[in-house]
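1. generate coordinates for the sequence data below:
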Amino acid sequence: MTDFSADLLDWYDRHRRDLPWRYAPGVAADPYRVWLSEIMLQQTTVQAVKPYFAKFTRMWPKVTALADSPLEDVLTAWAGLGYYARARNLHRCAQAVRDNHDGRFPETEAALRALPGIGDYTAAAIAAIAFGARATVVDGNIERITARLFKIDTPLPKAKKAIKAALAPLVPADRPGDFAQAMMDLGAGICRPKDPDCLICPIRPACGAQKAGTMLHYPVKPAKKPKPVRRAVAFWVASGGRILLERRPDTGLLGGMQGLFSTPWVGRSDFPTKSEALDFAPVKADWHVGNAVITHVFTHFQLDVQIWRATDVLKDTSPPTAEWVDAKTFDASGLPTVFKKMLPKGDDCRAY
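-> Coordinates of the predicted model:
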């Protein structure tokens, strides 16, 4: 393994991806941009993140500007990127950096982990990339490469400790950030999950799985469990040129975001009955029950939703969480994807 790091970094210097949050080798990285990109990239693709990163850095070029912004603005800008707890923690972390660290990110892994929304991986990535600390960075790509490299048979997630321990001695003291990013690029472009391109891999001579022809065996994953299904009724209300939305509680799934009123999202074999659903209707109305079912898959469950449409609002009994918005100026872009799926198609959103 003595030439491993040198071979990898030589390949990286020639083939590194050009990403908006990435700095050239030898150029000091902005911790704010590193942190922002790492939070956005959690369980999200690079292509999906690029426009959001550009929007956030344009709206809030410094961490203090993000901290000073209302949470609602941050959530609106985040809409569509998913996993909204990340956005809330992003805002809390920016405020902690502003209030407790004079607007500058701390440089050590331990201090970074103490900030909201920053776990082991993100702390190591910021420390290595932004501050040049010899931190062992392990994301999904690096997990896969290391498991193949050392033929680590322990199933994930139990293998995480062994993977990190095996990788740590390979991290060079002089370019730990470039090493981490090189491993990420290698996993994204060559050491792929299903079709690794071993013939052009710069670390092929060191790879135990490649020598044994067992690349696809690693990393070993636990058996998949079927996702539980939750079912609900959602209420579409448009009346008098206005559309009725709900501002969800700050805590919990999609916290602080706008959406349609609905029955609770619970596991059940069928949809709520009419009497059950009406207990959660935001207004008294004549309801048209649609036959179509909207399906949205979250990380831990699948949600099936039946849409009820108010054809004649008899009485506005909406609770304090209700927000009536002008139908003509209604912009669905700020809604989470699950609620966008529930909206009437085309001009129907403004036909009231």
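2. the strands in the stretch 101-250 of the chain, which residues?
-> Listed in chain order, the strands of the stretch 101-250 of the chain (DSSP state E, counting those that start in this stretch) span residues 229-236, 238-239, 242-247.
3. ok, the last one: who's next to it in the sheet?
-> It stands for strand 242-247. strand 238-239 (antiparallel), strand 258-259 (antiparallel), strand 322-326 (antiparallel) (DSSP bridges).
4. residue 132 and residue 177 touch, don't they?
-> Yes - contact between residue 132 and residue 177 holds when scored by Cβ atoms under 8 Å: they sit 6.2 Å apart. Glycine gets a C-beta too; all of them are placed from N, C-alpha and C.
5. who's more crowded, those two?
-> residue 177 (26 against 17; other Cβ atoms under 10 Å).
6. nearest residue to that one in space, please, no chain neighbours.
-> Spatially, and ignoring its direct neighbours in sequence, residue 177 is nearest to residue 129 (3.8 Å; Cβ to Cβ, 6 or more residues apart in numbering).
7. any idea how far that neighbour is from residue 280?
-> Counting by Cβ to Cβ, to the nearest Å, the gap between residue 129 and residue 280 amounts to 47 Å.
8. which of those two has more neighbours?
-> Between residue 129 and residue 280, counted using other Cβ under 10 Å, the more crowded position is residue 129 (27 against 15).
9. distance check, the more buried one against residue 17.
-> Using Cβ to Cβ, residue 129 is found at 14 Å from residue 17.
10. buried set for the longest helix that the chain contains?
-> Of all segments of type helix in the chain, defined using DSSP state H, the longest is helix 85-100. The neighbour-count criterion (16 or more other Cβ atoms under 10 Å) identifies 86, 87, 88, 89, 90, 91, 93, 94, 95, 96, 97, 98 as the buried residues of helix 85-100.
11. now swap in stretch 274-293 and tell me
-> Counting neighbours by 16+ other Cβ under 10 Å, one finds that the buried residues in stretch 274-293 are 277, 278, 281, 282, 283, 285, 287.
12. how about JSON lines for the residues you listed, with pLDDT and secondary structure added?
-> Written out in JSON lines, the entries for these read as follows (pLDDT from 0 to 100; DSSP: H, G, I helix; E, B strand; the rest coil):
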{"residue": "277", "pLDDT": "92", "secondary structure": "helix"}
{"residue": "278", "pLDDT": "92", "secondary structure": "helix"}
{"residue": "281", "pLDDT": "92", "secondary structure": "coil"}
{"residue": "282", "pLDDT": "92", "secondary structure": "coil"}
{"residue": "283", "pLDDT": "91", "secondary structure": "coil"}
{"residue": "285", "pLDDT": "91", "secondary structure": "strand"}
{"residue": "287", "pLDDT": "91", "secondary structure": "strand"}
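13. which two of these have the greatest separation?
-> Greatest spatial distance among the buried residues of stretch 274-293 (Cβ to Cβ): 277 and 283, at 13.0 Å.
14. surely residue 164 and residue 138 touch.
-> Yes - shown here, residue 164 and residue 138 form a contact pair, counting by Cβ under 8 Å, at 5.3 Å.
15. so those two - more neighbours on which side?
-> Summary of the neighbour comparison: residue 164 and residue 138, criterion other Cβ under 10 Å, with residue 138 having more neighbours (21 against 18).
16. from residue 196, how far off is the more buried one?
-> Relative to residue 196, residue 138 is positioned 18 Å away (criterion: Cβ to Cβ).
17. tell me the contacts of residue 11?
-> When contacts are counted by Cβ atoms under 8 Å, 6 or more residues apart in numbering, residue 11 is found next to 182, 186, 202.
18. and the gap between it and residue 152?
-> Taking Cβ to Cβ as the measure, residue 11 and residue 152 are separated by 23 Å.
19. report pLDDT for residue 346.
-> The model reports residue 346 with a pLDDT of 53.
20. show me this structure divided up by domain.
-> With automatic domain parsing serving as the domain definition, the record reports that the chain contains domains spanning 4-217, 229-350.
21. distance between the ends of the first one?
-> Across domain 4-217, the terminal residues are separated by 22 Å (Cα to Cα, to the nearest Å).
22. what about residue 294, how many residues nearby?
-> A count of neighbours around residue 294, defined by other Cβ under 10 Å, yields 18.
23. got the phi and psi for it?
-> phi -90, psi 130 (degrees, to the nearest 10).
24. checking my notes, residue 291 in a strand, right?
-> Yes - using DSSP: H, G, I helix; E, B strand; the rest coil, the assignment for residue 291 is a strand.
25. quick one: pLDDT of it?
-> At residue 291, the predicted lDDT confidence score is 79.
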